[in-house]
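In: quick one, structure for this:
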Amino acid sequence: MLDEQIKGLKVNYVQADELCTFIGKKNNPEYHGLVMNGYSGEVWVFVALDAESKLVISHTTGHRNGYTALRLMSDLRKRIVGEFQLSTDGFPAYVDAAEVAFGTEVHFGQLVKIYSGDECIGARPSVVAGYPKLDKISTSYVERNNLTMRMSVRRIARKTNAFSKKSENLVAALALHFGHYNLCRVHRTLKMTPAMAAGITDHIWSLEKLVKGALTWRENGN
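Out: Next up is the predicted model:
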């Protein structure tokens, strides 16, 4: 249903980031195949957010690697029209993923964190492609969204034993969260939902409408 709602967007600034959670158990360092039912261990949630409307445009789950980064960027490409500025952290996989997905149709900058030992002591903006505005290279909004996710979805909260037991459960929980976040939840600063701020809808959705919409979409054979 979110696929139907979020498309044809015109945006100026998009921020992308990733956060870690687990399926089943915390450690499975030897397995690097696809994250699907039967997998257990570390998994990452990749998110792309419109910095102005705070709309979560795209999200996906997988290992923290180039394949998952490309899936996020490819999905983002399907939903946006026109050029825009993309900001990420210094994760190298985003560079190739953005080039494959967008070519020259993106202004891309990374915020590279500077460490002294284990302590982050600063960050510097780095131009990757195009002509991004240096003062707009930021991941602050998407990182704040990471906190919202951890507070709203218990299965990805820190220091929890409520991890999903199957990958499809995690995917479903995230879809429900992002549907509610985008369409039903009024953003404290914007005084409207992110979907309203992005021009996707002109009203606040009820949770009942969200669930009915998802069930109708499924019943129609999608």
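In: who's in contact with the most centrally placed residue in the chain?
Out: The geometric centre of the chain, computed from its C-alpha atoms, lies nearest to Val47 (Cα atoms, centre = their mean), at 1.0 Å. Contact analysis of Val47 by Cβ atoms under 8 Å, 6 or more residues apart in numbering lists Ala16, Asp17, Glu18, Leu19, Val56, Ser58, His59, Leu72, Val142, Asn145, Asn146, Met149. C-beta: built from backbone N, CA, C; applies to glycine.
In: let's see that with 6 Å instead.
Out: Val56, His59 (Cβ atoms under 6 Å, 6 or more residues apart in numbering).
In: quickly list what it is bridged to.
Out: Here Val47 sits in beta bridges with Asp17, His59, going by DSSP bridges.
In: which other helices and strands does the longest helix anywhere in the chain contact?
Out: In terms of residue count, the longest helix belonging to the chain (DSSP state H) is helix 167-183. In this structure, helix 167-183 makes packing contacts with helix 194-197, judged by 3 or more Cβ pairs under 6 Å, 6 or more residues apart in numbering; DSSP states H and E.
In: what mean pLDDT does the helix it packs on have?
Out: In this model, helix 194-197 has a mean pLDDT of 97.
In: after it, next one along is what?
Out: Downstream of helix 194-197, the first helix or strand assigned by DSSP states H and E is helix 207-219.
In: what residues of that following helix count as buried?
Out: Leu210, Gly213, Ala214 (16 or more other Cβ atoms under 10 Å).
In: next one: stretch 134-146
Out: Ile137, Ser138, Thr139, Tyr141, Val142, Glu143, Asn145, Asn146.
In: what do you get for stretch 110-130?
Out: Residues of stretch 110-130 classed as buried: Gln110, Leu111, Ala123, Pro125, Val128, Ala129, Gly130 (neighbour count, 16+ other Cβ under 10 Å).
In: swap in stretch 78-96?
Out: Residues of stretch 78-96 classed as buried: 79-80, 83-89, 91, 93-95 (neighbour count, 16+ other Cβ under 10 Å).
In: starting at the chain centroid, how far to it?
Out: Its chain's average C-alpha position is 12 Å from that of stretch 78-96, according to Cα atoms, centre = their mean, to the nearest Å.
In: centre of the chain to the helix or strand bottoming out on mean pLDDT in the chain, how far?
Out: Here the helix or strand of the chain ranked lowest by mean pLDDT, DSSP states H and E is helix 207-219, holding a mean of 82. Its chain's average C-alpha position is 22 Å from that of helix 207-219, according to Cα atoms, centre = their mean.
In: now it - C-alpha only, PDB.
Out: Extracted as PDB, the C-alpha positions of helix 207-219 are listed here (Å, rounded to 0.1, in the frame of the first residue of the first chain):
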ATOM      1  CA  LEU A 207      -5.300   3.500  12.200                       C
ATOM      2  CA  GLU A 208      -8.600   1.900  11.000                       C
ATOM      3  CA  LYS A 209      -8.200   3.400   7.500                       C
ATOM      4  CA  LEU A 210      -4.600   2.300   7.400                       C
ATOM      5  CA  VAL A 211      -5.300  -1.300   8.200                       C
ATOM      6  CA  LYS A 212      -8.400  -1.400   5.900                       C
ATOM      7  CA  GLY A 213      -6.300   0.100   3.100                       C
ATOM      8  CA  ALA A 214      -3.600  -2.500   3.500                       C
ATOM      9  CA  LEU A 215      -6.200  -5.400   3.600                       C
ATOM     10  CA  THR A 216      -8.000  -4.000   0.500                       C
ATOM     11  CA  TRP A 217      -4.700  -3.800  -1.400                       C
ATOM     12  CA  ARG A 218      -3.900  -7.400  -0.400                       C
ATOM     13  CA  GLU A 219      -7.400  -8.700  -1.300                       C
END
